[in-house]
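**Student:** dropping the sequence and predicted coords here.
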Amino acid sequence: MDSRKKTTSTLKDVASAAGVSLGTASKVMAGAEGVSPARRQQVWEAARRLGYRRNSLAAELRSSRSTSIGFVVPDLTNSFFIELLCVVEDHALASGYRLLLAHAQEDPEREAERIRFVLSRQVAGMIIIPCHGYEHAIDELRECDVPLVMADRVDNSFPANTVTTDSRRAARDGTDHLIALGHKRITFIVNALDLVNSRERADGYLDAMKRAGLARHARVVVCGMTDTESHAATLGLLSERERPTALFTGANVATLGALRAIRDAELRLPEEISLLSFDDAPWMSVLHPRISSIRQPVEAVGRAIWQLLHKQLQDEPSEPVHLRMKADLRVRESTAPPYKPAGKESRRETVTAPQNAGRSRKRTALADR
């Protein structure tokens with residue numbers, strides 16, 4: 001074994017090995033802009049050869065400038081939040097900042113504690129996607145002079161920059177799609193109405209139902225925050241004598257539970273029931289049938305979050321800005337006109353008969369209710 005003491009490489013060594021100035025090497029290692037891709041590659045290759053590791057904390061102490069951004073997320077099992085996190089991080093790294101992630105786990109008390117923790121790390125700015133309501137977040141941030149952007153579960157009344165999807169309009173468009181297919185008994189399944197965006201989605205659904213003269217058929221079911229709760233709520237709906245002909249789920253977690261319930265009830269999608277999801281996820285486009293969905297503009301939301309925060313980090317004064325992004329309806333295979341039984345012959349012509357005759361009789365009875 002070589003017992004000789006290893007020499008620690010310095011940033012000056014990296015700059016010399018890469019053939020660049022010390023300032024250029026410092027910019028590259030900090031992830032800052034203003035360096036060509038070729039120069040950047042030279043510096044990183046030199047750093048790897050020399051085994052150089054940048055001490056970010058020491059650099060911040062020397063410059064008296066934090067490059068950390070706190071990002072408080074309510075649920076890391078939600079694919080939308082993961083996608084959004086990745087987009088924001090890419091923009092932050094390109095500007096020389098890094099994210100300090102905190103997971104609230106849909107618990108307001110834990111969220112308040114996580115906000116306090118992140119602020120204790122002397123972050124340069126904060127991004128928060130709140131849990132149930134955001135009054136506690138206001139209390140935690142009231143005395144703190146840190147650049148802040150709130151996202152997703154927030155409305156225009158919040159006294160800071162906000163970026164959200166226009167959930168009400170998107171839900172209205174999704175409901176219009178189901179109505180245009182001929183559905184009347186459309187049920188909206190939502191996680192919780194104390195979430196701003198969930199409430200807006202429910203309102204958009206109700207807007208469309210009322211406008212179409214279907215107010216008496218309108219029904220909002222609150223299922224809870226987990227797919228297990230959504231599964232139980234959907235099973236209850238599917239067991240009713242006049243079950244819905246279409247389900248509109250308010251989030252991808254609710255969609256997952258609803259899909260399990262449809263399978264357990266032995267109903268065929270979309271022949272016997274249609275399903276539309278608010279929120280898209282990669283798995284929805286690989287299932288059979290593929291799931292129709294409302295796709296939130298994750299890239300645009302993430303970019304807007306970072307742009308608003310970065311302006312504050314550059315000390316650009318402005319009044320709070322409230323941005324609303326348009327979502328897109330993606331029609332796939334899980335939504336179709338409602339099945340109208342007109343005798344056995346009609347059923348054979350329009351729907352492939354199941355292999356199991358007993359199961360076929362059961363489904364016919366369900367469809368005739």
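**Tutor:** Noted; the coordinates are in hand.
**Student:** quick one: low-confidence parts of the protein?
**Tutor:** Applying pLDDT under 70 to the chain flags the ranges 1-7, 30-33, 53-65, 133-144, 341-369.
**Student:** quick check, central residue of it?
**Tutor:** In the chain, the centroid-proximal residue (Cα atoms, centre = their mean) is Phe80; its distance is 2.2 Å.
**Student:** just checking, Ile294 is part of a strand?
**Tutor:** Yes - with DSSP: H, G, I helix; E, B strand; the rest coil as the criterion, Ile294 is assigned to a strand.
**Student:** quick check: it touching Thr255?
**Tutor:** No - at 10.6 Å, Ile294 does not count as touching Thr255 under the criterion of Cβ atoms under 8 Å. Where C-beta positions appear, they are placed from N, C-alpha and C, glycine not excepted.
**Student:** the two - which one has more neighbours?
**Tutor:** With neighbours defined as other Cβ atoms under 10 Å, Ile294 and Thr255 compare such that Thr255 has more, 29 against 25.
**Student:** returning to that earlier point: what sits in contact with each of Ile294 and Thr255?
**Tutor:** Common contact partners of Ile294 and Thr255 (Cβ atoms under 8 Å, 6 or more residues apart in numbering): Ser277, Asp279.
**Student:** which other residues reach stretch 84-99?
**Tutor:** By Cβ under 8 Å, 6+ apart, stretch 84-99 touches 27, 30-33, 56, 67-71, 73, 101, 124, 127, 129, 151-152, 298-299, 301-303, 305-307, 310, 313.
**Student:** excluding its backbone neighbours, what's nearest Arg303?
**Tutor:** His91 (6.4 Å; Cβ to Cβ, 6 or more residues apart in numbering).
**Student:** check which helix or strand covers that neighbour.
**Tutor:** helix 79-94 (DSSP states H and E).
**Student:** after that helix comes which helix or strand?
**Tutor:** strand 98-103.
**Student:** can you list the strands that that following strand pairs with?
**Tutor:** strand 68-73 (parallel) (DSSP bridges).
**Student:** ok and the partner strand relative to helix 79-94, angle-wise?
**Tutor:** Between strand 68-73 and helix 79-94, the angle comes out at 170 degrees (axes from the mean of the first three to the mean of the last three Cα atoms, to 10 degrees).
**Student:** give me the distance from strand 68-73 to the chain's centre.
**Tutor:** Strand 68-73 sits 15 Å away from the centroid of its parent chain (Cα atoms, centre = their mean, to the nearest Å).
**Student:** wait, what's in contact with the residue nearest to the centre of the chain?
**Tutor:** By Cβ under 8 Å, 6+ apart, the contact set of Phe80 is Asn252, Asp279, Ala281, Gln296, Val298.
**Student:** now with 6 Å, please.
**Tutor:** By Cβ atoms under 6 Å, 6 or more residues apart in numbering, the contact set of Phe80 is Asp279.
**Student:** count the residues that sit near Arg121.
**Tutor:** Neighbours of Arg121 (other Cβ under 10 Å): 11.
**Student:** where along the stretch 1-150 of the chain do the helices fall?
**Tutor:** For the stretch 1-150 of the chain, the helices defined by DSSP state H, counting those that start in this stretch occupy 11-18, 22-30, 37-50, 56-63, 79-94, 108-120, 135-141.
**Student:** out of these, flag the one nearest Glu333.
**Tutor:** helix 79-94 (20.0 Å; Cβ to Cβ).
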